[in-house]
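> need coordinates for the below:
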Amino acid sequence: MLALMLARDLTNWQLAPIYFAGALAFFVAGIIVPRAISETIQQAAPPRRFPSAILLAGVVLLGLALRLYRIGSQSVWYDEVFALSVSRLPWTQMNAALVRDLVHPPLHYYLLHGWLGAFGFGPLQGRLLSALFGTLAVLMMYPLARYLFDRRTALLSALLLACSQLAVMYSQEARPYAQFLLFFLCCVYLFLRALREKRLPLWIAFLCLTSLVIYTYYYGFFVLGSLLLFGIVYRNRYSLPPTWLLGGIFWLALAYLPWLSSGVIGQALHGQKAQRLSAWAHSGPAFGHWFTAVASLNTFNNGRANGLLASAPWWTFIVGGVLFCLPAALAMRLLVVRQHERTDEGTERENLVFLVLLLAVPMALAFTAGFLRRPYEVRYIAFCAAPYYILVARGISTRRSAALRWAFIVFLLAYSAWSLRANYFIPYKEDYKHALASVARDYQPADCAVVAPLWEERQARWAWSIYEGDQQDPRVIPLDSALSSAADCKRVWLISVLYQERLPAIDAAESARRRLAETYAEIERRRFFCVDIDLFGAVRAAPR
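So this is what the prediction gives:
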């Protein structure tokens, strides 16, 4: 697909290595990964009343249904507006915008560009790509957990990810997090098999997936740190040929060189976006605090029952601790307590160390960045929920009492269903969709529009093109121009974007509203979630 898109409309041939490297990585991984997964699934196991394939298909279909249900009910928010708007640009303009933005590597935008070209442009189409990746991640949980432990643990791991509040949330966003989760699971699975089995095709597939990981999300380097640390811990048990290691380093460096040479390093050091992010990070309190780890873990535990932007109720920490943290702790007990009656204790402990490193290393690095006044959101480490869920599933599946296991599963599903209502029915994204529709319905040719805060103007313009692209574009002017006598505005629409109801945005909107009310007569105010629409009419007469 990448090769076809390249041949069709690529005009910047300096970036051709990125596209060809990506296409090659997808091609190699597409050949080797399914075969490796098939080997894991077909491992010898006693006959079962219900074949694993049927149970796994049911779990995957459940995950797909949860990701498709009300997928378009929430409006696109700030980040989705950027992703959709940039991904519809021609290749050269898209790359330039991504280099200036700095936030993510380009692979998700490239795939989204091709996806939108094939299936049409719109919020639903963009989110469907993430839903596809999120569903495939549920499927990929099975071979990873099956390789580490057993069938029961694998099925329960996939079920936990299918019903995860966080995983469903980011499978319904046109953002790279669901894509990264899938690549992350494939990458760590191939690494462990290549390390233990010393099979060159598995090592090549691992390198290809690693290049996709680091081209999707910069936190992919944290994943590489986890894998490197695991290799160091077990260096006496597993050792790869030096030519494999050197070849891997050479491939990753060569594959990432086009992006590093695209100008992104200069933007990171001296660009306007980097300066704004630095000023923003140092203008307020640190993003991390002592409770950050607990709150993040509670989000993994489906603890946002009152809304994905609302603070978690206190009781969710207790319920989530019992249903999720307790089984995970029971699974990790083998790390500190030896069970001499078990013949597979060494392998079990090694697998637990592998999962703990995948969970702890990225989280620790992200928390450290938050304490150092760098931006932190739980979505940055959402992929860490996958190894955590495998630990939870392992703790439950090793309980000897079938009644206890089923009790855990039933209560987990009930609790997850209760939490998922927040995803579907409680707004948590700026409601551009209905707010801009109300403006488009009553907008007149002589009207003007003002966006507050000023830094939201670009996003508001892009959101208009997403939802009201077939309507006349509003005449958006600065606030000072609207207040001048030369504005020639019959009416003025004030579009206030209250990003996550943060105080700076609220203050800027209130200030703009007061200033406009001094010059114009306010006609009406329309309130939507995190977006306010104020309509001002005739110019007030000057006081005598």
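> just name the shakiest helix or strand of the chain by mean pLDDT.
When the helices and strands of the chain are scored by mean pLDDT, DSSP states H and E, helix 2-9 comes last with a mean of 48.
> identify the residue nearest the geometric centre of this protein.
Geometric centre of the chain, nearest residue: Y177, 2.4 Å, by Cα atoms, centre = their mean.
> dump the residue contacts of that residue.
Contact analysis of Y177 by Cβ atoms under 8 Å, 6 or more residues apart in numbering lists 130, 170, 217, 379, 382-383. All C-beta atoms are positioned from the backbone trio N, CA, C, and that covers glycine.
> ChimeraX command for the buried members of those?
In ChimeraX, a selection of the buried entries from these looks like this (16 or more other Cβ atoms under 10 Å):
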select :130,170,217,382,383
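> can you tell me which of the contacts of Y177 is nearest V451?
Nearest to V451 out of these is R379 (Cβ to Cβ; 25.6 Å).
> not counting its neighbours along the chain, what's nearest the residue nearest to the centre of the chain?
Leaving out its chain neighbours, the residue that sits closest to Y177 by Cβ to Cβ, 6 or more residues apart in numbering is Y170, at 4.0 Å.
> what's the first helix or strand after the helix or strand hosting that neighbour?
Using DSSP states H and E, Y170 sits within helix 165-171. Next helix or strand after helix 165-171 toward the C-terminus (DSSP H and E): helix 177-197.
> buried residues, that next one. List them.
Buried residues in helix 177-197, counting neighbours by 16+ other Cβ under 10 Å, are found at 177-195.
> separation between H270 and R100?
12 Å (Cβ to Cβ, to the nearest Å).
> what about the two, which has more around it?
The residue with more neighbours, out of H270 and R100, is R100; 14 against 9, by other Cβ atoms under 10 Å.
> re earlier: which of the contacts of Y177 has the weakest pLDDT?
Minimum pLDDT for the contacts of Y177 is recorded at R379 (92).
> surely that residue meets A167?
No. Assessed by Cβ atoms under 8 Å, R379 is found out of contact with A167, at 11.0 Å.
> and the helix or strand containing G248, what other elements does it pack with?
For G248, the host element (DSSP H and E) is helix 242-259. Helices and strands touching helix 242-259, by 3 or more Cβ pairs under 8 Å, 6 or more residues apart in numbering; DSSP states H and E, are helix 16-41, helix 200-216.
> next secondary structure element downstream of that helix?
Downstream of helix 242-259, the first helix or strand assigned by DSSP H and E is helix 265-270.
> which residues does stretch 138-146 contact?
36-37, 40-41, 43, 56, 59-60, 63-64, 153-155, 157-158, 161-162, 167, 182, 185-186, 188-189, 386, 389-390, 393-394.
> S296 reaches P362, doesn't it?
No. If you go by Cβ under 8 Å, S296 and P362 don't touch, sitting 11.1 Å apart.
> between these two, what contacts are shared?
Common neighbours of S296 and P362 are listed as I381 (criterion: Cβ under 8 Å, 6+ apart).
> what comes up buried for stretch 265-274?
Applying 16+ other Cβ under 10 Å to stretch 265-274 flags 267, 271 as buried.
> same question for stretch 105-125.
Within stretch 105-125, the residues that qualify as buried are 105-117, 121-123, 125, counting by 16+ other Cβ under 10 Å.
> out of those, name the ones that lie in helices.
Taking DSSP state H, the ones among the buried residues of stretch 105-125 that sit in helices are 107-117, 123, 125.
> determine which two of those residues are furthest apart.
Spatial extent of these (Cβ to Cβ) is set by the pair L107 and P123 at 20.6 Å.
> where does the stretch 251-400 of the chain dip in pLDDT?
Applying pLDDT under 70 to the stretch 251-400 of the chain flags the ranges 277, 279-290, 339-345, 373-374.
> which stretches of it form helices?
Remark: helices assigned in the stretch 251-400 of the chain by DSSP state H, counting those that start in this stretch are 265-270, 272-282, 292-300, 314-320, 326-332, 345-371, 385-397.
> which of those sits closest to D470?
Among the helices of the stretch 251-400 of the chain, the nearest to D470 by Cβ to Cβ is helix 272-282 (31.2 Å).
> just want the phi and psi numbers for R400.
phi -70, psi -30 (degrees, to the nearest 10).
> helix or strand: which one has I523?
Here I523 is assigned to strand 520-528, by DSSP H and E.
> summarise which helices and strands that strand is packed against.
Under the contact criterion of 3+ Cβ pairs under 8 Å, 6+ apart, strand 520-528 touches helix 432-442, strand 531-539.
> please save the CA atoms from it in CSV.
Only the C-alpha atoms of strand 520-528 are listed here, as CSV (Å, rounded to 0.1, in the frame of the first residue of the first chain):
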residue,chain,number,x,y,z
TYR,A,520,-21.9,44.6,20.5
ALA,A,521,-25.2,43.5,21.9
GLU,A,522,-25.2,39.9,22.9
ILE,A,523,-28.1,38.0,21.2
GLU,A,524,-27.7,34.5,22.6
ARG,A,525,-25.3,31.9,24.0
ARG,A,526,-25.2,28.3,23.1
ARG,A,527,-23.3,25.9,25.3
PHE,A,528,-21.8,22.6,24.2
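> the chain should start at 43 in everything you say after this.
Will do, 43 is the new start, and the previous item becomes strand 562-570.
> tell me what angle it forms with helix 474-484.
Orientation of strand 562-570 against helix 474-484 (axes from the mean of the first three to the mean of the last three Cα atoms, to 10 degrees) gives an angle of 140 degrees.
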